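Participant: Would you be able to build a 3D model of this:
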Amino acid sequence: MYNYLLPALLLYSGVCLATHQVREVFVVEGQAHGIDLFPLESLYNYDDIQSRLVGRGWCTANWRGYKGTWELKEGKLWLTSLVQDSCSQTPPLIDPVPFFAQSAYPVKASWFSEKIEVRLGDIVPTYCKTKDGEPLQTGYTYDAMVYAFSGGELVGRSRKTMNQDWQEKQSHCAENAPWDLLNWIGISL
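Facilitator: Got it, this is the predicted structure:
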């Protein structure tokens, strides 16, 4: 009996049932886009943010406990709202005073010096053929508009094709030359 229990538990533990997390919102020219970046985390770390939140209004789709709405307006990045319990129909607005020492939104994101990526189309999987001739997904690609900020000021905007390559999968592709393995482990020829 015990010989079957351990393998069954190990197999079950490998199955992950995860809830998709609520995305931040980035508004450009009146159009809202979901983004996977959390600009507030450029100012505060996770523990600092949690210590400033009053109460813990979260759900399984929002483990970080808040959701920000950001807007590009007149060449600047603004936080227009920060809500708690974003899974609620009417999420409460978070008091900006503990975070920004000002009593109302919007807040200029003068701390933010990173890039915000807005996906423009569908994610397209990329494939190769294995040595057995079978297709193997090795990553994905998509088009995005990338907005670069410095001190909350827009300094650049460009359309790019983004590629995500899963190098561990690529090692199983038939067209790999022997020296490709060296490149994947960080040795350049």
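
Participant: Can you report phi and psi for the spatially most central residue of the chain?
Facilitator: When the chain is reduced to its mean C-alpha position, the closest residue under Cα atoms, centre = their mean turns out to be D36, at 2.7 Å. Torsion angles at D36 (phi, psi; degrees, to the nearest 10) stand at phi -100, psi 0.

Participant: Do I have it right that it meets V25?
Facilitator: No. Here D36 does not reach V25: they are 11.5 Å apart, not a contact under Cβ atoms under 8 Å. For glycine as for every other residue, the C-beta is placed from the backbone atoms N, C-alpha and C.

Participant: Leaving out sequence neighbours, find the closest residue to the residue nearest to the centre of the chain.
Facilitator: With Cβ to Cβ, 6 or more residues apart in numbering as the criterion, D36 has its nearest non-adjacent residue at 6.2 Å, and that residue is R23.

Participant: Contacts only, for the one you found.
Facilitator: With Cβ atoms under 8 Å, 6 or more residues apart in numbering as the criterion, the residues that contact R23 are 34-36.

Participant: repeat for Q137
Facilitator: Contacts for Q137 were tallied using Cβ under 8 Å, 6+ apart; they are 125-127, 166, 169.

Participant: tell me the SS of it?
Facilitator: strand (DSSP: H, G, I helix; E, B strand; the rest coil).

Participant: same deal with the one 4 residues further on?
Facilitator: With three-state DSSP as the basis, the three-state label of T141 is strand.

Participant: Sketch out the low-pLDDT regions of the protein for me.
Facilitator: Along the chain, segments meeting pLDDT under 70 span 1-19, 55-58, 176-189.

Participant: quick one, strands of it?
Facilitator: 24-28, 31-35, 66-73, 76-84, 107-108, 115-119, 124-129, 135-150, 153-165 (DSSP state E).

Participant: Redo those as JSON lines? Include distance to Y44.
Facilitator: Formatted as JSON lines, those follow (distance: least, Cβ to Cβ, whole Å):
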{"stretch": "strand 24-28", "distance to Y44": "14"}
{"stretch": "strand 31-35", "distance to Y44": "18"}
{"stretch": "strand 66-73", "distance to Y44": "11"}
{"stretch": "strand 76-84", "distance to Y44": "12"}
{"stretch": "strand 107-108", "distance to Y44": "13"}
{"stretch": "strand 115-119", "distance to Y44": "18"}
{"stretch": "strand 124-129", "distance to Y44": "35"}
{"stretch": "strand 135-150", "distance to Y44": "17"}
{"stretch": "strand 153-165", "distance to Y44": "20"}
